[in-house]
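K.L.:
would you be able to build a 3D model of this:
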Amino acid sequence: MEKEQAPRWWAVVAVMIGIFLLVTAEQLPIGLLSQVASSMDVTPGVAGLMVTVPGVVAAFSAPLLPVAVGRMDRRVMLTLLMGVMVIGSVLSALASSFIFLLAARVLVGISIGGYWAVAGSIAPRLVPGDQVAKAMTVIFGGVAAASVLGVPLGTLLGDLSNWRVAFGALGGFSLLTALALWCWLPPLPPREPVRLKVLAQQFSNRGVRVAVLATGFVVVGHFAAYTFISPILQDISGVAQRHVGSLLLLYGAAGIIGNIAAGMFAARHPYRAVLAIPSLLLVVVAVFPFFGVQPSSGVLMLMMWGAVFGSVSVSIQTWILRTAPNTEAATALMAFVFNLSIGLGAMVGGRVVDVTSLPVTMWAASALFLLGALLVWRTPPNIVGMKHR
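P.N.:
All right, here's what the predicted structure looks like:
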């Protein structure tokens, strides 16, 4: 903290809600893919660009935007980024063409990357030192909550009304969050200019390198398949489109359980936790086209999928805390990798699904999970905790 003062937990909550809304916005098209594709008269593969565009933009804005704004007060920066999110969401809801929609999604990507990169670094300035870990858990809990709750709830809203209403609602909530950030955050001038070279230096640490590559394999593989979960449930499992939103809530509930379980397990065994994630995803996604061919079995496998992927953030973050010499720089690097992987996964999956089929896309994703599992398996377990190896 900058001065001795009471913890600003309302500010921490406001920052967390911002992350929750931004990550929800990034991934919301996954649940609304069939609706948007039909409305805009594009293929599901092309519609997947709604995830690719903000993911790629967010990946590059994460390291570059803090550099570009220099010494701008971080309170002002976070509030402005939520304002950009409002504009991007409203324009998405009003889009008259798919090209216009993608242009609006660029604004969403800028908000996501810049906000995510700054949010983690301000926790020590809002609470005393002995409460920083808790504040970080709350702030980045918004990432997991968006994946397991925000997207399903947004999808359900879209199913009950239409996809434009879901995007418009995001804009409304983002406006309220911008006001909360302005009112609850204290002035936060940057302590030192952000340097890109610090990010590059993280690759000299073996533990960070493994975490980055494993995250890339897992997230690209996941979104190559999960971006098309709506057509997967409809075409493979025989689920009616009107039920997809409700089923994604079950996916979200399973993800919360997985997140809690992984948090407890990873605290004691981070290596095993990170190794288990791609291994289990490999099995679940690879066999889905064979065993998820009925609504009941498809829902069961969807929940298993959600439980495993819901454990990614907490497990990888625990690994980073045990290995990275500079956890703040490593977190910004992971924001770059995670968001770029979301965009690449959706793009790769879109290409494969348009050229081949949904099952082939799921098997291609499984191949990436296999690479991730092999990478972690070939890494010595004692690397976790060796910060300067």
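K.L.:
can you list the weak-confidence ranges in the stretch 101-250 of the chain?
P.N.:
Within the stretch 101-250 of the chain, the segments meeting pLDDT under 70 span 120, 133, 191-196.
K.L.:
ranges for the strands of it?
P.N.:
Remark: no strands are assigned in the stretch 101-250 of the chain by DSSP state E, counting those that start in this stretch.
K.L.:
let me see the ranges of the helices in it.
P.N.:
With DSSP state H, counting those that start in this stretch as the criterion, the stretch 101-250 of the chain has helices at 132-145, 151-160, 163-184, 196-201, 206-226, 229-235, 244-268.
K.L.:
which strands or helices does the fifth one pack on?
P.N.:
Under the contact criterion of 3 or more C-beta pairs under 8 Å, 6 or more residues apart in numbering; DSSP states H and E, helix 206-226 touches helix 270-291, helix 295-309, helix 312-323, helix 327-355, helix 358-377. Backbone N, C-alpha and C define where each C-beta goes, glycine included.
K.L.:
tell me the angle of it relative to helix 327-355?
P.N.:
Per axes from the mean of the first three to the mean of the last three C-alpha atoms, to 10 degrees, the angle that helix 206-226 makes with helix 327-355 is 30 degrees.
K.L.:
the second one too?
P.N.:
Here helix 151-160 runs at an angle of 40 degrees relative to helix 327-355 (the same axes, to 10 degrees).
K.L.:
in TSV, list the helices and strands packed on helix 206-226 along with distance to Ala166 and mean neighbour count.
P.N.:
Listed next are the helices and strands packed on helix 206-226 as TSV, based on distance: least, C-beta to C-beta, whole Å; neighbours: other C-beta atoms under 10 Å:
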stretch	distance to Ala166	mean neighbour count
helix 270-291	26	21
helix 295-309	20	20
helix 312-323	23	24
helix 327-355	18	23
helix 358-377	24	20
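K.L.:
could you dump those into CSV and include mean pLDDT?
P.N.:
Converted to CSV, these look like this (pLDDT from 0 to 100):
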stretch, mean pLDDT
helix 270-291, 95
helix 295-309, 94
helix 312-323, 80
helix 327-355, 83
helix 358-377, 96
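K.L.:
what comes into contact with stretch 309-317?
P.N.:
Applying C-beta atoms under 8 Å, 6 or more residues apart in numbering, the external contacts of stretch 309-317 come out as 140, 143-144, 147-148, 211, 214-215, 218-219, 222, 226, 254-259, 261-263, 266, 270, 273-274, 277, 281, 331, 334.
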